[in-house]
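Asker: Predicted coordinates and the sequence they were generated for:
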Amino acid sequence: MSASSAAPQAAPRSLVMRRPDDWHVHLRDGPLLNAVVAATARAFGRAIVMPNLSPPITTAAMAEAYRQRILAALPPGSRFQPLMTAYLTDTIDPAELERGHRAGIFTAVKLYPANATTNSAHGVTDIAKLTPVFDTLERIGMPLLLHGEVTDAEIDIFDREAVFIERHLQPLLERYPRMKVVLEHITTSEAVAFVESQAGGDSPRVCATITPHHLQLNRNAMFSGGLWPDFYCLPVIKRERHRLALRRAAVSGNPCFFLGTDSAPHRRSAKEAACGCAGIFNAPHALESYAQVFEQEGALHRLEAFASLFGPGFYGLPPHEQTVELRREPVPVPRRLELADGNGGVEVLVPFHAGQTLPWRLVG
Ligand code: DOR
Ligand code: ZN
């Protein structure tokens, strides 16, 4: 994608910043977990881990067992910390969420509208029915993470985020004025404007994560010269004016916008199928991809806050003391990756930016 403003004149060769965190990632389970977790742990110190496994993570015991599987799959010596989430269903027990949060197992809860995306069949069918859950979240200060799309078949797929904001998010925030909410992987100028409109008070309570792919691509990418399943994700990538709005938000220095990759690996065979899965595997070069965007926007000096400071600020966690270094060196991204699955086999995955060369290398 072309730059939308000029790069700064004295281009730096190296950028040292506090270690970033990924505030939204899918690490999967089993062989796929073994294959993908190192890519996230290489760059990020912590990550909010999505609970949309099969079956979904609905109890503290399930989350703790999953956390242990993630830790066991890490490369030796890694200090990566998975932060776990609970998957909201129509019948989830708010007392279980509170117990899990107080025990330090659940960092946040995730709301998928039923059938909005991968493994969301057990999601919420009627947000209004979750009153006891929201009462609990607001009382204990546990963040609600939203997949912000309506699922009605009559709503155009490109409008589902904007309709969700109007129909569900606005009323929810009015009913729960102190509940902390993250509108995840935002894709539209409407979402940017909405989050900006909620600013005020000492610390932000309504924030949004932004993915590298929604900053890098518009919807033409899915259809240029053929059908490109590797660019299909949910919420689906929108038109150019939305990409530009997201880029402005990401580099604005507004603490309500922070990094969340939504890296969502699917096997190549599941992406390149008659009915391909939604999700982009961007973990291998996510930080490098964000760095390219921030440089194109003349805002490399704001990358650290977006990647390493605003997320911890929202979650009430300290930023990392350790640093990482990005160096201006070309990084050729392979067309496909064959990653060891921990059982003597390999998983074949197509990484985001496959076949391209990125300008910043994460050292180490
Ligand atoms: O593209 C997506 N993939 N969006 C989601 O919300 C879920 C994710 C997945 O789990 O594959
Ligand atoms: Zn996701």
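Answerer: Yes, it's here. What you see is a predicted model, and the numbers here were worked out from it, not measured in a lab. Residues are numbered from 1 along each chain as shown. Ligands and ions are numbered 1, 2, ... in the order given.
Asker: Surely residue 12 and residue 327 touch.
Answerer: No. With contacts counted by CB atoms under 8 Å, residue 12 stays clear of residue 327, the gap being 9.7 Å. Quick note: C-beta positions are derived from backbone N, CA and C, even for glycine.
Asker: Which residues are in contact with residue 95?
Answerer: residue 136 (CB atoms under 8 Å, 6 or more residues apart in numbering).
Asker: pLDDT value on it, please?
Answerer: Here, the pLDDT recorded for residue 95 equals 98.
Asker: Touching both of residue 12 and residue 327, which residues are there?
Answerer: Applying CB under 8 Å, 6+ apart, one finds that no residue jointly contacts residue 12 and residue 327.
Asker: so where's the stretch 1-150 of the chain uncertain?
Answerer: Low-confidence segments of the stretch 1-150 of the chain (pLDDT under 70): 1-9.
Asker: all helices of it, in order?
Answerer: Under the criterion DSSP state H, counting those that start in this stretch, the stretch 1-150 of the chain contains helices at 30-43, 60-73, 94-102, 131-140.
Asker: Contacts made by the second one with the rest, please.
Answerer: What it means is helix 60-73. With CB under 8 Å, 6+ apart as the test, helix 60-73 has contacts from 27, 29, 33-34, 37, 49, 51, 53, 57, 82, 84-86, 96, 99-100, 103, 105-106, 342.
Asker: Quick one, which of those are buried?
Answerer: With burial judged by 16 or more other CB atoms under 10 Å, the buried subset of those is 27, 33-34, 37, 49, 51, 53, 57, 82, 84-86, 96, 100, 105-106, 342.
Asker: Pull the contacting residues for the nearest residue in space to residue 133 that is not next to it in sequence.
Answerer: Residue nearest to residue 133 in three dimensions, not counting chain neighbours: residue 94, with 4.9 Å by CB to CB, 6 or more residues apart in numbering. Residues in contact with residue 94 (CB under 8 Å, 6+ apart) are 132, 133, 135, 136.
Asker: can you rerun that using 6 Å?
Answerer: 132, 133, 136 (CB atoms under 6 Å, 6 or more residues apart in numbering).
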